[in-house]
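[1] requesting a structural model of the entry that follows:
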Amino acid sequence: MKPFCLILLLAVLGLFICSCDNKITNPDKSVLSVSCSPNPFSESTTFTLNGRAGETAVLDIFNIKGHLIRHINNMSSGHSQIWNGTDDDGHQVYSGVYFYKLTTPSVNSTGRLFLIR
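    A predicted model of the protein is given here:
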């Protein structure tokens, strides 16, 4: 069985739990925490950035081939951003594995998402 099929099967059966919670300690000892929930998701997932007050981030979402499909500017610390499974043109993307990159002035964070339609 292909790995993606196995992941999909486990997710459908409710046996697969994946978290994209990342905590990164910056050199100045401040902590950046990124979470997205739910994951896997079917309609939308919510990214939450916690870090230094006033710090902003850029959120990029890539497909499995590494193509940038969604670019979100000015995500602020302490706030949430919803991704509804669409690309920058508003088209729904396919079920599968996606990767995110969150870039702040002080640190980068990456993670994995599973979209199941």
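
[2] what packs against whichever strand or helix holds residue 102?
    For residue 102, the host element (DSSP states H and E) is strand 96-103. Under the contact definition 3 or more Cβ pairs under 8 Å, 6 or more residues apart in numbering; DSSP states H and E, strand 96-103 sits against helix 3-12, strand 45-50, strand 56-62, strand 108-115. (Glycine included, C-beta is placed from N, CA and C.)

[3] what mean pLDDT does the second one have?
    Meaning strand 45-50. Strand 45-50 comes out with an average pLDDT of 88.

[4] neighbouring strands for that strand, and are they parallel or not?
    If you go by DSSP bridges, strand 45-50 pairs up with strand 31-37 (antiparallel), strand 80-83 (antiparallel).

[5] tell me the most buried of these?
    Highest mean neighbour count among the strands paired with strand 45-50 (mean count of other Cβ atoms under 10 Å): strand 31-37, with a mean of 18.

[6] so how far is it off the chain centroid?
    Chain-centre distance of strand 31-37: 9 Å, with Cα atoms, centre = their mean, to the nearest Å.

[7] got the angle between that strand and strand 96-103?
    If you take axes from the mean of the first three to the mean of the last three Cα atoms, to 10 degrees, strand 31-37 sits at 150 degrees to strand 96-103.

[8] what residues of stretch 83-98 count as buried?
    For stretch 83-98, burial by neighbour count (16 or more other Cβ atoms under 10 Å) applies to 83, 85, 93, 95, 97, 98.

[9] and the nearest residue in space to the fourth one that is not next to it in sequence, how close does it get to residue 72?
    Meaning residue 95. What sits nearest to residue 95 in space, not counting adjacent residues and going by Cβ to Cβ, 6 or more residues apart in numbering, is residue 117, at 4.6 Å. Distance of residue 117 to residue 72, given as Cβ to Cβ, to the nearest Å: 21 Å.

[10] more neighbours, those two?
    residue 72 (17 against 11; other Cβ atoms under 10 Å).

[11] doesn't the more buried one lie inside a strand?
    Yes. Counting by DSSP: H, G, I helix; E, B strand; the rest coil, residue 72 is located in a strand.

[12] how about it: what's its closest non-neighbour residue?
    Counting by Cβ to Cβ, 6+ apart, residue 72 lies nearest to residue 59, which is 4.2 Å off, once chain neighbours are set aside.
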